[in-house]
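Asks: Here is a sequence together with a model predicted from it:
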Amino acid sequence: MNLITTPTAPIAGQRPGTSGLRKKVEVFKQPGYLENFVQSIFYALEGFQGQTLVVGGDGRFHNDVAIQTIVRMAAANGFGRVLVGQRGILSTPAASCVIRKHAAFGGIILSASHNPGGPDGDFGIKYNTGNGGPAPEKITEAIYANTQRIARYLTTDTPDVDLGTQGSSQVGAMQVVVIDSVADHADLLASLFDFERIGALLRGGAFRLCFDAMHAVTGPYAHEIFIRRLGAPAASVINGVPLPDFGGGHPDPNPTYAEDLIKVMFASDAPDFGAASDGDGDRNMIVGRRFIVTPSDSLAVLAANAHFVPGYAAGLKGVARSMPTSAAVDRVAEKLGIRCYETPTGWKFFGNLLDAGQVTLCGEESAGTGSDHVREKDGVWAVLFWLNILAVRGESVETILRDHWRTYGRNYYSRHDYEGVDSAAANGLVAHLRESLATLPGQVIDGATIASADDFSYTDPVDGSVSSAQGIRIGLADGSRIVFRLSGTGTEGATLRVYLERFEPDPAQHAVETQKALAPLIALADRLAGIKARTGRDAPTVIT
Ligand code: G1P
Ligand code: ZN
């Protein structure tokens with residue numbers, strides 16, 4: 001092996017967002033682009049000589065090419081061993097699991113999550129630390145700083161490794177082990193859930209499951225876990241073969257993009273339980289028969305029913321949710337007498353709380369739920385959690401939700417996304433809101449009294465680090481809430497997210513259609529922010 005030191009120069013715009021660096025494939029294909037970022041990661045780390053690096057991705061277009069580049073660079077930089085998923089496949093939660101189980105120094109995950117893939121689609125890369133979770137801001141900022149002053153990267157002249165076959169080989173002094181992409185993760189999940197009981201439910205014939213892998217990374221995980229280990233009929237998994245372009249779809253499990261699943265679950269002969277996961281397998285959508293569960297409610301239901309699940313039967317240490325996520329789980333925490341933490345958007349903020357043993361479950365309104373079993377949100381985990389609850393309670397998804405609302409009240413909740421908005425217009429909208437924050441409290445608009453208005457700032461209870469400007473919160477006197485923030489994961493223009501929430505304690509009012517229940521708040525959001533006027537959009541692109 002010859003070590004090659006390649007001169008290079010900084011590339012503008014390599015700042016990682018909410019979940020790493022995401023750009024169009026064509027951007028990543030530019031000479032030196034990936035190499036600069038990977039070397040900037042390695043320059044930001046200390047003490048990895050001779051240690052293990054985990055590498056894998058969601059199988060999207062360019063995944064295999066990028067992995068070969070990273071393997072060569074890891075060898076040149078002095079890693080002792082690389083563990084890579086077979087065919088380059090590791091779902092994000094599986095990568096987290098593998099990092100932890102094999103005590104790796106860290107891992108590089110190649111994914112643009114739920115963003116479309118293919119030659120014209122998106123690509124992404126992020127670094128996870130030895131706890132299995134996304135690198136904290138201190139490291140991502142150091143990586144970014146390195147991208148701005150990089151002068152060379154290190155690689156080797158070794159040939160590609162065979163990613164198709166499990167086994168071990170050498171790249172210079174470094175060992176490369178191609179591992180089973182699914183086994184470690186499946187074993188971990190089997191240790192948490194009652195596979196006997198879930199298996200009996202799925203094999204019994206009376207209960208039918210439909211899991212939509214959206215042609216993304218969870219296909220192999222779903223086959224191994226639901227079909228092979230739990231014995232569900234093969235037809236229970238749809239779109240189960242990962243494709244580099246996700247079959248041309250948008251692998252985001254929400255009612256708009258998971259149309260195959262929605263069609264199945266709203267048919268007259270709908271199965272009992274439907275679920276989907278996203279491009280890299282960390283998100284989940286839960287659907288009952290003609291009944292969609294909002295992610296915020298799902299987190300609350302999991303917390304309230306955790307005692308039915310072997311891995312959580314001993315009780316929850318605490319729970320955490322991202323700020324824009326509804327307060328449904330707060331009510332469960334209160335009843336359980338445990339603490340509920342409110343963090344900024346993005347999974348990395350849960351890591352410290354999980355590591356410090358402060359929380360067991362956490363979740364986001366964006367269809368992410370997880371626990372202390374890994375340091376990422378976990379789509380298949382959430383599906384198994386629901387199946388375990390359904391197997392024990394023997395009730396339908398809808399019955400469980402209606403019962404939950406009767407007990408805790410209902411947090412009507414919706415998110416309106418305006419995608420691909422002109423960046424200047426979106427920034428102007430947020431700047432205008434920020435400027436008006438001080439004048440809003442006390443104002444009465446269309447009969448609604450504004451009680452509070454701020455820009456969310458978070459002080460990490462474990463390490464004291466402060467993250468400011470995390471979203472504009474407008475609180476109303478009746479407890480309703482509107483949150484505005486700009487997405488940190490998009491690759492085209494800006495995405496404005498508007499989060500709407502209203503609490504309804506009265507069970508007689510729990511059957512109202514969500515958008516109807518939130519109509520006054522939706523109108524108020526437009527009045528406060530001037531969404532239509534500033535973005536030129538009449539309606540949101542996606543409503544979840
Ligand atoms: C979005 C979600 C956020 C999630 C992230 C990664 O980020 O809102 O909850 O953690 O994707 O899956 P955003 O685009 O809003 O910055
Ligand atoms: Zn994802």
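Replies: On my side now, so go ahead. Residues are numbered from 1 along each chain as shown. Ligands and ions are numbered 1, 2, ... in the order given.
Asks: Around ligand 2, which positions in the protein sit nearby?
Replies: Residues of the chain lying close to ligand 2 by CB under 5 Å from the ion are 113, 278, 280, 282, 283. Every C-beta, even on glycine, is put in place using the N, C-alpha and C of the backbone.
Asks: which stretches of the stretch 251-400 of the chain form helices?
Replies: 259-265, 295-305, 328-336, 348-355, 379-393, 397-408 (DSSP state H, counting those that start in this stretch).
Asks: The longest one vs helix 295-305, what angle?
Replies: With axes from the mean of the first three to the mean of the last three CA atoms, to 10 degrees as the criterion, the two stretches helix 379-393 and helix 295-305 enclose an angle of 50 degrees.
Asks: Between helix 397-408 and helix 379-393, find me the angle.
Replies: Counting by the same axes, to 10 degrees, helix 379-393 lies at 80 degrees to helix 397-408.
Asks: Determine whether any part of helix 379-393 lies close to ligand 1.
Replies: No - Helix 379-393 does not reach ligand 1 (CB under 6 Å from any ligand atom); its nearest approach is 10.9 Å.
Asks: and that helix, average pLDDT?
Replies: On average, the pLDDT along helix 379-393 is 98.
Asks: circling back to that earlier point, ok, so of the residues of the chain next to ligand 2, who is nearest residue 100?
Replies: residue 282 (15.2 Å; CB to CB).
Asks: For that closest one, the count of nearby residues, please.
Replies: Neighbourhood size, residue 282 [other CB atoms under 10 Å]: 34.
Asks: mind listing what residue 37 touches?
Replies: By CB atoms under 8 Å, 6 or more residues apart in numbering, residue 37 lies in contact with 14, 21, 125, 143, 147.
Asks: ok so residue 22 is a strand residue?
Replies: Yes - under DSSP: H, G, I helix; E, B strand; the rest coil, residue 22 sits within a strand.
Asks: which stretches of the stretch 1-150 of the chain form strands?
Replies: With DSSP state E, counting those that start in this stretch, the ranges of strands along the stretch 1-150 of the chain come out as 3-7, 21-24, 52-57, 81-89, 106-110, 122-129.
Asks: Check the gap between the residue nearest to residue 291 when sequence neighbours are not counted and residue 301 for me.
Replies: Leaving aside its sequence neighbours, residue 291 sits nearest to residue 398 (CB to CB, 6 or more residues apart in numbering; 4.3 Å). Taking CB to CB, to the nearest Å as the measure, residue 398 falls 12 Å from residue 301.
Asks: quick one on the thing from earlier: tabulate the helices of the stretch 251-400 of the chain (a markdown table), appending mean neighbour count.
Replies: As requested, these are exported to a markdown table (neighbours: other CB atoms under 10 Å):
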| stretch | mean neighbour count |
| --- | --- |
| helix 259-265 | 18 |
| helix 295-305 | 25 |
| helix 328-336 | 20 |
| helix 348-355 | 23 |
| helix 379-393 | 24 |
| helix 397-408 | 17 |
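Asks: Need these in CSV (columns: distance to residue 5).
Replies: Below are these laid out as CSV (distance: least, CB to CB, whole Å):
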stretch, distance to residue 5
helix 259-265, 49
helix 295-305, 47
helix 328-336, 51
helix 348-355, 32
helix 379-393, 41
helix 397-408, 57
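Asks: So which of the ones you listed is nearest residue 167?
Replies: When the helices of the stretch 251-400 of the chain are compared by CB to CB, helix 379-393 sits nearest residue 167, at 25.8 Å.
Asks: show me the contacts for residue 21.
Replies: Residue 21 neighbours (CB under 8 Å, 6+ apart): 14, 15, 37, 124, 125, 126.
Asks: Next up, the contacts around the residue lying closest to the second one once chain neighbours are set aside.
Replies: Closest residue in space to residue 15, ignoring its immediate chain neighbours: residue 144 at 4.9 Å, by CB to CB, 6+ apart. Contacts for residue 144 were tallied using CB under 8 Å, 6+ apart; they are 14, 15, 16, 40.
Asks: Inside helices: which ones of those?
Replies: Mapping those onto helices (DSSP state H) picks out residue 40.
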